[in-house]
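>>> Sequence and predicted model, in that order:
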Amino acid sequence: MIYSWQTEQWQSIASLKQKDCLPHALLFHGSEGVGKTGFAQHLSRSVLCNKPGTEGVACGQCHSCRLVEAETHPDLVVIKPAPPEKSKSNKPVLNIRIDVIRHLCSRLSTTSQLGGYRVAIIENAERMVMQAANALLKTLEEPGQNTLILLVSSHPHQLPVTVRSRCQAIYCPQPDKPVALAWLESQGIQDAQRWLNYAHGAPLLAMQYAREQHAERQLLADALLASSNGKSSLSYVQKLADLPKEYTLVWLLDWIGDVIRLKQGKHDIALINEDFREKLQSRAEKSDIKRIFAYYDQICSYLRQDGIALNAQLLWENLLISWDDL
């Protein structure tokens, strides 16, 4: 299925498919948590289906649909970032290697086994190493008949221009707030507004936070408020180091962003961490503005090193010490 806020994009794609004008390569981009991957999967089912129904929606009953559902369709390849071969790290850097892309290109160059489309979905496409991205170029330039390559990315600017220029970009927007809130509530999410704030308006990410990462967000809050509660923030280092830094660093960036808003005298402005407004206000009043912005830059620097293995324990020791010294 596609989500209600994707209807317009789907109608546009379905129209192209009906006119036999579907591009051979599409780049679905937008914020994390808006349903880009689901949209790409929906399209792959549609083009592989033997008897698509209204507006090109896959029937779900034919032989091809059953193979897709069982993840055994011979003409569908799904690629995701993976750890390096023989990696012994507990937290390896995930990427898409050149050998994986070469294998994909080899498969796409062969005849369709079921006589229809050959489809590839590359999730988190910005995770392709440079050699892998370069290996994909020839197939993007000369894809062959009935070949569809679907790239999905929350950070398309990290893809080489040579790759982006060979794909038709499809922007996947966030839904309007009332639509997102209604959807979250229909999924049984309590206090949907708070979780949507945490996810910057992305409903699927908000649902993930609410269902899976409530305790993790609270752990970060406890660490940041430890010194004001007479505790040592460093006692939380090991637990924070065990969490995925791609989420925790973004959450920390939200905290310092709230401090910046309050430091600038915007007391009535909405905060991401609204439930901690009083504590954040106190932090803003006691902190030096230069240190605040330096701390913001420090977090951004760590986020830019996402593809580099960092010592998580040292990272959090530095971040918590710096936070206490604001």
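Looks like it came in fine. Numbers count the residues shown, from 1 in each chain.
>>> Test for you: state the pLDDT assigned to Arg217.
On pLDDT, Arg217 comes in at 92.
>>> scratch that, Ser87
Here, the pLDDT recorded for Ser87 equals 70.
>>> tell me the SS of it?
Using DSSP: H, G, I helix; E, B strand; the rest coil, the three-state assignment for Ser87 comes out as coil.
>>> do Val179 as well
Three-state call for Val179 (three-state DSSP): helix.
>>> Give me the buried positions along stretch 185-198.
Residues of stretch 185-198 classed as buried: 189, 192, 194-198 (neighbour count, 16 or more other Cβ atoms under 10 Å). No exception for glycine: its C-beta is placed from N, CA and C like everyone else's.
>>> same check, this time on stretch 112-124
So, applying 16+ other Cβ under 10 Å, buried residues of stretch 112-124: 112, 117-124.
>>> And stretch 270-285, by the same measure?
So for stretch 270-285, counting by 16+ other Cβ under 10 Å, buried means 271-273, 276, 279-281, 283-284.
>>> How about stretch 129-148?
132-133, 135-137, 139-140, 143, 146-148.
>>> and if you look at stretch 67-85?
For stretch 67-85, by 16+ other Cβ under 10 Å, it's 67-68, 73, 75-79, 81.
>>> Same question for stretch 18-30.
22, 24-30.
>>> neighbouring contacts of that stretch?
13, 16, 36-37, 39-40, 43, 47, 56, 125, 140, 143, 147-154, 156, 159, 164, 166-174 (Cβ atoms under 8 Å, 6 or more residues apart in numbering).
>>> Would you show me how to pick out the buried ones of the residues you listed in PyMOL?
Selection command for PyMOL covering only the buried members of these, criterion 16+ other Cβ under 10 Å:
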select buried, resi 13+36+37+39+40+43+47+56+125+140+143+147+148+149+150+151+152+153+154+156+159+164+166+167+170+172+174
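>>> Determine the longest helix present in this protein.
helix 245-263 (DSSP state H).
>>> circling back to that earlier point, for Leu252, state which of the buried residues of stretch 18-30 is nearest.
Gly30 (23.2 Å; Cβ to Cβ).
>>> mind putting the buried residues of stretch 185-198 in JSON lines, pLDDT included?
Shown next, in JSON lines, are these (pLDDT from 0 to 100):
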{"residue": "Ile189", "pLDDT": "95"}
{"residue": "Ala192", "pLDDT": "95"}
{"residue": "Arg194", "pLDDT": "93"}
{"residue": "Trp195", "pLDDT": "95"}
{"residue": "Leu196", "pLDDT": "95"}
{"residue": "Asn197", "pLDDT": "93"}
{"residue": "Tyr198", "pLDDT": "94"}
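>>> Which of the residues you listed fall in helices?
Per DSSP H, the buried residues of stretch 185-198 map to helices at 192, 194-198.
>>> For those, work out which two are farthest apart.
Longest span within those, Cβ to Cβ: Ala192 and Tyr198, 10.7 Å.
>>> joint contacts of the two?
Ala206.
>>> Show me what the longest strand anywhere in the chain is packed against.
Longest strand in the chain, counting residues (DSSP state E): strand 147-153. The contact analysis (3 or more Cβ pairs under 8 Å, 6 or more residues apart in numbering; DSSP states H and E) places strand 147-153 against strand 25-29, helix 36-48, strand 118-122, helix 130-141.
>>> what's the angle between the third one and helix 130-141?
Between strand 118-122 and helix 130-141, the angle formed by their directions is 150 degrees, by axes from the mean of the first three to the mean of the last three Cα atoms, to 10 degrees.
>>> any idea of the angle the longest strand of the chain forms with helix 130-141?
Using the same axes, to 10 degrees: strand 147-153 against helix 130-141 is 140 degrees.
>>> following strand 147-153, which helix or strand shows up next?
For strand 147-153, the following helix or strand on the C-terminal side (DSSP states H and E) is helix 161-164.
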